[in-house]
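Engineer: Dropping a prediction and its sequence here:
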4 protein chains.
Amino acid sequence: MEKLIISAAICGAEVTKEQNPAVPYTVEEIVREAKSAYDAGASVIHLHVREDDGTPTQSKDRFQVCVDAIRKECPEAIIQPSTGGAVGMTDLERLQSTEIEPTPEFATLDCGTCNFGGDDIFINTDNTIINFAKIMKERGIKPELEVFEKGMIDTALKVEKKGFLTRPLHFDFVLGVQMSATIRDLLFMSESIPEGSTWTASGLGKNAWSIAAATIALGGHVRVGFEDNLYMEKGVLAKSNGEMVAKVVELAKLLGREVATPAEAREILSLKPLKQEKPKKQKK
Amino acid sequence: MEKLIISAAICGAEVTKEQNPAVPYTVEEIVREAKSAYDAGASVIHLHVREDDGTPTQSKDRFQVCVDAIRKECPEAIIQPSTGGAVGMTDLERLQSTEIEPTPEFATLDCGTCNFGGDDIFINTDNTIINFAKIMKERGIKPELEVFEKGMIDTALKVEKKGFLTRPLHFDFVLGVQMSATIRDLLFMSESIPEGSTWTASGLGKNAWSIAAATIALGGHVRVGFEDNLYMEKGVLAKSNGEMVAKVVELAKLLGREVATPAEAREILSLKPLKQEKPKKQKK
Amino acid sequence: MEKLIISAAICGAEVTKEQNPAVPYTVEEIVREAKSAYDAGASVIHLHVREDDGTPTQSKDRFQVCVDAIRKECPEAIIQPSTGGAVGMTDLERLQSTEIEPTPEFATLDCGTCNFGGDDIFINTDNTIINFAKIMKERGIKPELEVFEKGMIDTALKVEKKGFLTRPLHFDFVLGVQMSATIRDLLFMSESIPEGSTWTASGLGKNAWSIAAATIALGGHVRVGFEDNLYMEKGVLAKSNGEMVAKVVELAKLLGREVATPAEAREILSLKPLKQEKPKKQKK
Amino acid sequence: MEKLIISAAICGAEVTKEQNPAVPYTVEEIVREAKSAYDAGASVIHLHVREDDGTPTQSKDRFQVCVDAIRKECPEAIIQPSTGGAVGMTDLERLQSTEIEPTPEFATLDCGTCNFGGDDIFINTDNTIINFAKIMKERGIKPELEVFEKGMIDTALKVEKKGFLTRPLHFDFVLGVQMSATIRDLLFMSESIPEGSTWTASGLGKNAWSIAAATIALGGHVRVGFEDNLYMEKGVLAKSNGEMVAKVVELAKLLGREVATPAEAREILSLKPLKQEKPKKQKK
Ligand SMILES: [Mg+2]
Ligand SMILES: [Mg+2]
Ligand SMILES: [Zn+2]
Ligand SMILES: [Zn+2]
Ligand SMILES: [Zn+2]
Ligand SMILES: [Zn+2]
């Protein structure tokens, strides 16, 4: 079985310091959390950024600053900006995270529209999805196809058929937003993608660990972090993303699966190499 | 195995006479299509209505006129108004179809938000779903929980937990909008609902018949009609909803399942009896 | 979707004229049943033979006589002798059906041991399976891997790994002996075989038709016949295998799937051509 | 979720000291292994016994001696004798393990016949299964329905329908003998049993830990031990059954599931209380 890629979704757009004081807002906090995850064994940092007061933003500048700062501390990490941003942002706002330099090697691409509680809707129309796919393709960014429902896989496959996505595809099953976070849902999703695809899964809230264990056993890759879950176990807040990554490493050890280094993760995900020279200059 | 309830989705909000000249717009056409389906064996008429030019509408008056006219020709039919209406309508507009007299015994309740192609989104926020459920409960209308994705079942179950839906639940799996219309998807959905629930399924387009056959075998109920499919087979337009219902009846016969009368369907669905006396007067 | 191959299991080893007077024992009866199935649309005749009194036999001579007689009436049919025979036969007895001339292009290979009711066991040890696979490979006979349980698929894959079976594999799911004959079981089985494999399914008894319909929709191939089922519907005995094949053809038509000719079936199954000249002489 | 019952299959009939020197043969060794498992958190000891040279036996005397000796060291343990014994034993031989005193509260009941490698068959005809079920019912022994294939569940349900088994049923899915030991197989099995049933699972060989983790997450119960697996991880032999049980306890902790005490296990399994006074006398 392929080595296990661990992604840390260190921040997200919705969780707050009120829920868990370790949720990062400032650049320093974001770097601290990225480093804790990276040191514990994560090779992918799934990144949202915030203003210092915690407001989610897709600002290109904020992403640039955070990514540069993370890269200094976690030189090999695969930094994967979110293009989902937060509910209510426009497509153009959301795409800014892909405009930093060097162009990211990896970024999320949400494959459908669904409810996000109360009156909220996370909007990704069919046209938006195609547009984001096109742009990522042009920029050489590998999309992580974020799906909350099985039909979003089917949508992604239609977009692929139209030529805007290229195999091997990589999916991320986010369970517990729409579909419940059960092994049954996970298995159904993992059997719904084309042979030769890779996939990551995360279970929201308390099911994070069951989903992680089953994913390790099924040959998928695991995402954990404050974006998805704030607790180590019932009533025990996680002190850092690193603590959660370490728990995944422990599960992998018990289940006999080796953890991938960033270099191995790049290989497994067929990422294109970052072009790192020019950006350094432009950053001035 | 329970007898088979056949629902005819005779009209929908999106198909047009350009696609199939038998699609009904006027009251007369709607009655003609309802009657063809009813005579062929449908016990439920799933109803959208249109202006004479084909524009979809949720107008209470138009629903009242159509329902009354259908009832004259199909006295026993279970008439199930849509509360989904068409993309872009407000919740209040959509709810009008439940305000006719007598209060409908059955109506659809869409359990999530999803894409409807291009820039279109069919919006049913969590708050909308709860609100519709509440209103139907107050009015004694049995909801048909329309789901396009597995997570929409999970949403419905959360709404039930909050007390706004009552068991036994009845689901309608509409496959081919988001989730693909395959037997695999159908089976997964049918195994995702609480024991004791009933369910109907429809497959959009050419998969309508495979989904119908598998549904008959699995003990579900079948919906067909112009809303979901315009063809009898590749290249052969259906001449009427009745022709499609007849094909379902034929499949049921081959597979050894009896077709339910409207009275039997009411029993299976635990519908409350229509209060028909007073409305007759009020209709003046 | 591939065209549909219909196999007729015209005789079996266990059903009797007492159960259905059309069950064939004599050569003439076997030819009559084969021809009725072939004329109705079957391209494969799955063959057991009997003594004139109905006793099952794997006698090479009886198989030779029956196969020659069937071939005269159904010149293009793919005749697939059983190597399963009947409970209690030795491996050597059972293998006789593969020794006729010309060597069969296709034959069954049972992939496990299971109960057959009461004190009966249908025995196919791991060593037997390997031995049969070896012999068929040497003789150029394509095996139909008959499986009654999911683990028998896993057994077949182990035998393949050892080199005694060659891809593309062809499976036959016989449901209703051990695993129940439901769409759920069928789907699980059809998703348990390697990509690029072909498969046939049959459901024992009254579930024959549901399994046939689902199989048609899933892209599998259908086996029906007296070996598996004696009734057209509840209480109505089938008058011939042809009548059952005709019902499958009707289902296929309703579900929009074309029926394969024997030549198309040979192509789909990658059968090697029969060497027909020499055998004719040797038969003297 | 129900607390987790851990069963230790400490000995089995097929593994040897050559494979792992900690495999117990003598009474002392069997007690040592039972105690290590019990102390680590197992509440059920699944028991086969051996002659001092390792030969498997179902001798009533040997079972009596071993059970009495285990009970002294593990006073609360649920001791579950195997009625499967070893390949080649007669039904009467196998049933001896249920004749000890006091009558066991729990014992295995194998629900089908299947291959056990090479020329070996593990024989449990339909008549045997019914007979064993009858006897256990008469003696008040709760059967653990041991199934290696999905069809064996269907067999058990037929036996239940005939009145020889009583709900709530308890199943044990032994994966890796016939069905492969994957989460997909496990899930399929766990969804194939009646609501209200309980179940245990074990995965043979290296998949033991993945199956354990998924079972913990799915709400099943876990069996580990030398009968099923000899290694802690690749190349590392287990030093005792207790070491394996401890690993399950660790997984349960990581996945947030509490481990059941023997008393809690008896409650979950609805076991009848052992009648312990009289037997003490009779044992003379
Ligand atoms: Mg959705
Ligand atoms: Mg078996
Ligand atoms: Zn995110
Ligand atoms: Zn509608
Ligand atoms: Zn046969
Ligand atoms: Zn055992």
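Structural biologist: Yep, it's here. What you see is a predicted model; the values in this text were computed from it and never measured. Numbering: from 1, shown residues only, chains lettered A, B, ... in the order given. Ligands and ions are numbered 1, 2, ... in the order given.
Engineer: Spit out the contact partners of residue A:97.
Structural biologist: In this structure, residue A:97 makes contact with A:47, A:49, A:58, A:60, A:63, A:81-83, A:85, A:104, A:107, judged by Cβ atoms under 8 Å, 6 or more residues apart in numbering or on different chains. C-beta: built from backbone N, CA, C; applies to glycine.
Engineer: Check what pLDDT the residue nearest to residue A:34 when sequence neighbours are not counted gets.
Structural biologist: Nearest residue to residue A:34, sequence neighbours excluded (Cβ to Cβ, 6 or more residues apart in numbering or on different chains): residue A:70, at 4.5 Å. As predicted, residue A:70 sits at a pLDDT of 98.
Engineer: residue contacts, residue A:70?
Structural biologist: Residue A:70 neighbours (Cβ under 8 Å, 6+ apart): A:30-31, A:34-35, A:45, A:47, A:77, A:79.
Engineer: just checking, which of those belong to strands?
Structural biologist: Mapping the contacts of residue A:70 onto strands (DSSP state E) picks out A:45, A:47, A:79.
Engineer: What about the first one, how many residues nearby?
Structural biologist: Close neighbours of residue A:45, defined as other Cβ atoms under 10 Å in any protein chain shown, add up to 30.
Engineer: Tell me how far it lies from residue D:133.
Structural biologist: Distance, residue A:45 to residue D:133, using Cβ to Cβ, to the nearest Å: 57 Å.
Engineer: Quick check: residue A:240 touching residue A:38?
Structural biologist: No - applying Cβ atoms under 8 Å, one finds residue A:240 not in contact with residue A:38, separated by 11.4 Å.
Engineer: Neighbour count for the two, which is higher?
Structural biologist: Taking neighbours as other Cβ under 10 Å, residue A:240 and residue A:38 compare with residue A:38 leading, 27 against 22.
Engineer: Can you pick out the most distant pair from the contacts of residue A:97?
Structural biologist: A:85 and A:104 (14.4 Å; Cβ to Cβ).
Engineer: any residues touching the helix or strand encompassing residue A:107, and which ones?
Structural biologist: Using DSSP states H and E, residue A:107 sits in strand A:106-110. Strand A:106-110 is contacted by residues A:44, A:46, A:78-84, A:97-98, A:122, A:124, A:129, A:132-133, A:136, A:141-146, A:152, A:172, A:269, A:271 when judged by Cβ under 8 Å, 6+ apart.
Engineer: Grab the most central residue of chain A for me.
Structural biologist: In chain A, the residue lying closest to the centroid (Cα atoms, centre = their mean) is residue A:46, at 3.9 Å.
Engineer: Could you give the number of residues near the closest residue to that one other than its chain neighbours?
Structural biologist: Using Cβ to Cβ, 6+ apart and skipping the chain neighbours, the partner closest in space to residue A:46 is residue A:9 (4.2 Å). Counted by other Cβ under 10 Å, the residues lying close to residue A:9 total 29.
Engineer: cool, and residue A:92?
Structural biologist: Neighbourhood size, residue A:92 [other Cβ under 10 Å]: 8.
Engineer: Residue A:25 now?
Structural biologist: Residues lying near residue A:25 (other Cβ under 10 Å) number 18.
Engineer: what's the answer for the one 4 residues further on, then?
Structural biologist: Residue crowding around residue A:29 was assessed by other Cβ under 10 Å; the count is 17.
Engineer: And for residue A:165?
Structural biologist: 22.
Engineer: do the same with the one 3 residues further on
Structural biologist: The tally of other residues near residue A:168 (other Cβ under 10 Å) stands at 14.
Engineer: if I look at the nearest residue to it once chain neighbours are set aside, how far off is residue A:170?
Structural biologist: Leaving aside its sequence neighbours, residue A:168 sits nearest to residue A:196 (Cβ to Cβ, 6+ apart; 5.1 Å). The gap separating residue A:196 from residue A:170 is 11 Å, by Cβ to Cβ.
Engineer: Tell me how many other residues crowd residue A:54.
Structural biologist: Neighbour count of residue A:54, defined by other Cβ under 10 Å: 16.
Engineer: re earlier: list the ones among the contacts of strand A:106-110 that fall in helices.
Structural biologist: Among these, DSSP state H puts A:129, A:132-133, A:136, A:152 in helices.
Engineer: Is the closest residue to residue A:109 other than its chain neighbours bridged to anything, and to what?
Structural biologist: Leaving aside its sequence neighbours, residue A:109 sits nearest to residue A:143 (Cβ to Cβ, 6+ apart; 3.8 Å). Beta-bridge pairing for residue A:143 (DSSP bridges): residue A:107.
Engineer: more crowded one of residue A:196 and residue A:170?
Structural biologist: residue A:170 (22 against 8).
Engineer: if I look at the more buried one, how far off is residue A:271?
Structural biologist: As judged by Cβ to Cβ, residue A:170 and residue A:271 stand 9 Å apart.
Engineer: I'd say residue A:180 and residue B:154 touch.
Structural biologist: Yes - if you go by Cβ under 8 Å, residue A:180 and residue B:154 touch, sitting 4.8 Å apart.
Engineer: re the thing from before, least confident pick among the contacts of residue A:97?
Structural biologist: Least confident of the contacts of residue A:97 in the model: residue A:85, at 91.
Engineer: for that one, what are its contacts?
Structural biologist: A:13, A:48, A:56, A:58, A:93-94, A:97 are the contacts of residue A:85 under Cβ under 8 Å, 6+ apart.
Engineer: Setting aside sequence neighbours, what's the nearest residue to residue A:74?
Structural biologist: In this structure, residue A:74 finds its nearest non-sequential neighbour in residue A:38, 3.9 Å apart by Cβ to Cβ, 6+ apart.
Engineer: Would you mind confirming that the one you found makes contact with residue A:73?
Structural biologist: Yes - taking contacts as Cβ under 8 Å, residue A:38 lies within contact range of residue A:73: 7.5 Å.
Engineer: pLDDT value on the closest residue to residue A:269 other than its chain neighbours, please?
Structural biologist: Leaving aside its sequence neighbours, residue A:269 sits nearest to residue A:170 (Cβ to Cβ, 6+ apart; 5.9 Å). At residue A:170, the pLDDT value in this model is 98.
Engineer: what do you get for residue A:37?
Structural biologist: Residue A:37 is given a pLDDT of 98.
Engineer: so which strand or helix has whichever residue of the stretch 151-284 of chain A sits closest to chain C?
Structural biologist: For the stretch 151-284 of chain A and chain C, the shortest gap (Cβ to the nearest Cβ) falls at residue A:195, measuring 6.4 Å. Residue A:195 belongs to no helix or strand when assigned by DSSP H and E.
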